[in-house]
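*Asks:* Test case, fold it:
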Amino acid sequence: MTVANSPTLNTTLHTGARHAWLGLDLTGLGVAEDLLGVSEDLPVEKADLARLASYTRAAHGAGIGLVTLGAEFRLRSDRAVRDGRLDPVSAARRIAPHASAGLVAEVSGRGAVATAEAELAQAHPSPGTWHALHLSLTEAARLASSVRPDRRRTRVVVSVSALSEAAAAGAFADIVRIRQSDLEQARELRLAVRAAARTAGREGAVTVLADLHLVVASERESAIERAGLVAEIAGGSVTPWEGALSAHGTPYDVADLIEHWLAVGAADGFVVIPGSVPADVAGLIRAVVPELQVRGVLAKQSVAAPAGQHPAPRVPAPQPSVGAPARALAGAAVPA
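*Replies:* All right, here's what the predicted structure looks like:
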């Protein structure tokens, strides 16, 4: 398995607290990046929203608490003649009736937040569905300072990569995403965010999720080989998972890594960036999620919105499963 920091710490934590968070990044279901800016002679490509809704429904139904759409998500390939900055928000609004937990849309560009809020206000979500905006620290701070007492606060997600950003994130974010492959540095970031939240009078109100690049197969060698192929296809370009923690292996391997990071306090959960769709989304839903549920790390129902007290998850220290046979990647149906 390709990982950063294999389980080595002898950590003892008691059980019984709330479960960990798990998210799924479906930005890859937008129009492919290499189609943007192609010749105008070619037909306009459009994202398949029915497919996106189907994957979202499957993820939420399996117990994955939030689905995220990054700033790179595009509904159409004719970027040269249109502003696609709000495409993630538009997609989240349109698939809301098919969701049953969290939908997070990233908004890039100054001045787009108000428009994004107005668009999400037009959504007709199914019961249990909630929205959040993934913003830059600057935009998130501006939004937090503009909230009136009579106005419901928009849930905010921010990304943090340095300790200098932790104080701001802890002061107003609901969810903080970190992209860090080193366990100790991730733990330091999470503790800094939570300390900042405590100082701001928001004890337990912030959830810290680590980005996790997932390539899973029934055999470890197959997963590692496919991860190499995915990287080769990406070529020399910056990949969507650049700098993220990698989990390339069997469902048991992935569950061990997740459980270990939770046990040592390096994260409250993870946002999974699948190496490929549908293979790794299927592996996540059919094999990794059930394994985490069996271990008591992940709840068996969809996760509610992050609000109120959010203590760190308490999970038992994992036991390495070296040589353990992988479960077959079979189970609940996943859209193709």
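*Asks:* isn't Val215 right next to Asp280, touching?
*Replies:* Yes: the pair Val215 and Asp280 qualifies as a contact (Cβ atoms under 8 Å) at a distance of 5.8 Å. Bear in mind the C-beta positions are built from the backbone N, C-alpha and C, glycine included.
*Asks:* what sits against the spatially closest residue to Val206 that is not a sequence neighbour?
*Replies:* Nearest non-adjacent residue to Val206, counting by Cβ to Cβ, 6 or more residues apart in numbering: Ala197, 4.4 Å away. By Cβ atoms under 8 Å, 6 or more residues apart in numbering, the contact set of Ala197 is 170-171, 203-206.
*Asks:* Show me what counts as buried in stretch 102-117.
*Replies:* By 16 or more other Cβ atoms under 10 Å, the buried positions in stretch 102-117 come out as 102-108, 112-113, 116-117.
*Asks:* what does the lowest-mean-pLDDT helix or strand in the chain contact?
*Replies:* Lowest by mean pLDDT, DSSP states H and E among the helices and strands of the chain is helix 137-146, with a mean of 88. By Cβ under 8 Å, 6+ apart, the residues outside helix 137-146 that reach it are 107, 110, 113, 133, 135, 153-154, 156, 158, 160, 165, 168-169, 171-173.
*Asks:* now do 6 Å
*Replies:* 113, 156, 158, 165, 168, 172 (Cβ atoms under 6 Å, 6 or more residues apart in numbering).
*Asks:* again, but for stretch 104-114
*Replies:* Residues contacting stretch 104-114 (Cβ under 6 Å, 6+ apart): 66, 68-71, 85, 88-89, 92, 116, 132-135, 139, 143, 157.
*Asks:* any idea how far the spatially most central residue of the chain is from Arg82?
*Replies:* For the chain, the residue nearest the mean C-alpha position is Val271 (2.5 Å; Cα atoms, centre = their mean). To Arg82, Val271 is 28 Å away according to Cβ to Cβ, to the nearest Å.
*Asks:* returning to that earlier point: next up, identify which helix or strand the residue nearest to Val206 is on.
*Replies:* Under the criterion of DSSP states H and E, Ala197 resides in helix 183-199.
*Asks:* buried sites along that helix?
*Replies:* Buried residues in helix 183-199, defined by neighbour count with 16+ other Cβ under 10 Å: 183, 185-194, 196-197.
*Asks:* Then stretch 223-240?
*Replies:* Judged by neighbour count (16+ other Cβ under 10 Å), stretch 223-240 contains these buried residues: 223-224, 226-227, 230, 239-240.
*Asks:* in the stretch 151-300 of the chain, which ranges drop under the pLDDT threshold?
*Replies:* 151-152, 236-237 (pLDDT under 70).
*Asks:* Spell out, range by range, the helices that occur in it.
*Replies:* Along the stretch 151-300 of the chain, the segments classed as helices by DSSP state H, counting those that start in this stretch run 166-172, 183-199, 220-234, 251-263, 279-283, 289-294.
*Asks:* re the thing from before, return the subset of the contacts of stretch 104-114 lying in strands.
*Replies:* Among the contacts of stretch 104-114, the ones falling in strands (DSSP state E) are 66, 68-69, 132-134, 157.
*Asks:* In space, what's closest to the residue nearest to the centre of the chain - neighbours in sequence excluded?
*Replies:* Using Cβ to Cβ, 6+ apart and skipping the chain neighbours, the partner closest in space to Val271 is Gly23 (4.0 Å).
*Asks:* Am I right that the one you found sits in a strand?
*Replies:* Yes: the assignment for Gly23 by DSSP: H, G, I helix; E, B strand; the rest coil puts it in a strand.
*Asks:* and the spatially closest residue to Thr199 that is not a sequence neighbour, what does it touch?
*Replies:* In space, and not counting its chain neighbours, Thr199 is closest to Gly170: 7.3 Å by Cβ to Cβ, 6+ apart. Counting by Cβ under 6 Å, 6+ apart, Gly170 touches 193, 196-197, 206.
*Asks:* any idea which of those residues is closest to His260?
*Replies:* Of all the contacts of Gly170, His260 sits closest to Val193, with 19.9 Å by Cβ to Cβ.
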